[in-house]
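Student: One predicted model, sequence on top.
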Amino acid sequence: EAQVTQNPRYLITVTGKKLTVTCSQNMNHEYMSWYRQDPGLGLRQIYYSMNVEVTDKGDVPEGYKVSRKEKRNFPLILESPSPNQTSLYFCASSFRGQPQHFGDGTRLSIL
Amino acid sequence: QKEVEQNSGPLSVPEGAIASLNCTYSDRGSQSFFWYRQYSGKSPELIMSIYSNGDKEDGRFTAQLNKASQYVSLLIRDSQPSDSATYLCAVNTYNNDMRFGAGTRLTVKP
């Protein structure tokens, strides 16, 4: 089954404790992207990747890191999480120019 | 100016009516346009793709594209309460990056 898998789905953690949200897709898509969604603000892009070893900043990259060592994986890293990073996060992938497939989302709470 | 703009709503229509959702975009080089539906707390799901000027119909949904005016719209005919959701317009830009509007919240009242 074609899918984008995010883990964990829910996480409650504390300020400053490094965390990683994993994202994996099985469709051989070149393009992958991370978004955060906050009430009233829509989807805001954090980072995106056009292909392996190619990553670019989106609209709100501060406080986040990503890597794309393999085509299928695009982890999102919060080195020192802060409460303003409490949000709903989505990973998505696609072939270039084609509709994006979204993961089920990760609800992150940072206390 | 935002790259993709939508009226935030909320838009409220009675059951059975036509709901009209609008989107404008700034990148004249954009080639691919999409409408997603998102229920609260869920991931966006694709409902329509459109790539050329004109109308594209799929069941109760019609997408309309006018590249000269940089305008995309979505019409939902015979609106149902289950159509109540946030609708996201997405545009694939000249450098193959996908940009989303902030979404329009639609409520269909029985």
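Tutor: Right, received. Where do you want to start?
Student: Just give the closest residue to the one residue in chain B that gets nearest to chain A, not the sequence neighbours.
Tutor: Nearest residue of chain B to chain A: residue B:102, at 3.4 Å (Cβ to the nearest Cβ). In this view, the C-beta of every residue, glycine as well, is placed from N, C-alpha and C. Leaving aside its sequence neighbours, residue B:102 sits nearest to residue A:42 (Cβ to Cβ, 6 or more residues apart in numbering or on different chains; 3.4 Å).
Student: Can you give me the neighbour number for the one you found?
Tutor: The number of residues packed near residue A:42 is 21, by other Cβ atoms under 10 Å in any protein chain shown.
Student: Give me the buried stretch members for the helix or strand bottoming out on mean pLDDT in chain A, please.
Tutor: Here the helix or strand of chain A ranked lowest by mean pLDDT, DSSP states H and E is strand A:42-51, holding a mean of 91. By 16 or more other Cβ atoms under 10 Å in any protein chain shown, the buried positions in strand A:42-51 come out as A:42, A:43, A:44, A:45, A:46, A:47, A:48, A:49, A:50.
Student: which secondary structure element contains the most centrally placed residue in chain A?
Tutor: Of all residues in chain A, the one closest to the mean position by Cα atoms, centre = their mean is residue A:34, 3.2 Å from it. Using DSSP states H and E, residue A:34 falls within strand A:31-38.
Student: What strands line up against that strand, and which way round?
Tutor: Partner strands for strand A:31-38, per DSSP bridges, with pairing direction: strand A:42-51 (antiparallel), strand A:87-94 (antiparallel).
Student: Now for the buried residues of strand A:42-51: which two are most distant?
Tutor: Greatest spatial distance among those (Cβ to Cβ): A:42 and A:50, at 22.4 Å.
Student: show me the contacts for the closest residue to chain B within chain A.
Tutor: Going by Cβ to the nearest Cβ, chain B is nearest to residue A:42 of chain A, at 3.4 Å. By Cβ atoms under 8 Å, 6 or more residues apart in numbering or on different chains, residue A:42 lies in contact with B:88, B:100, B:101, B:102, B:103.
Student: So which of those residues belong to helices?
Tutor: If you go by DSSP state H, those have nothing in helices.
Student: what would those look like in JSON lines with pLDDT?
Tutor: Listed next are these as JSON lines, based on pLDDT from 0 to 100:
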{"residue": "B:88", "pLDDT": "95"}
{"residue": "B:100", "pLDDT": "91"}
{"residue": "B:101", "pLDDT": "92"}
{"residue": "B:102", "pLDDT": "90"}
{"residue": "B:103", "pLDDT": "93"}
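Student: shaky segments in the chain?
Tutor: Since no chain was named, I'll use chain A. Within chain A, no stretch has pLDDT under 70.
Student: Correction: the question concerned chain B.
Tutor: B:1-2.
Student: Chain B contacts on chain A?
Tutor: A:31, A:33, A:35, A:40-43, A:45, A:48, A:50, A:56, A:88, A:90, A:92, A:94, A:96-100, A:102-105 (Cβ under 8 Å from any Cβ of the partner chain).
Student: how many other residues sit next to residue 3?
Tutor: Picking chain A for this. Neighbours around residue A:3, by other Cβ under 10 Å: 13.
Student: The chain in question should be chain B.
Tutor: Number of residues near residue B:3 (other Cβ under 10 Å) recorded here: 16.
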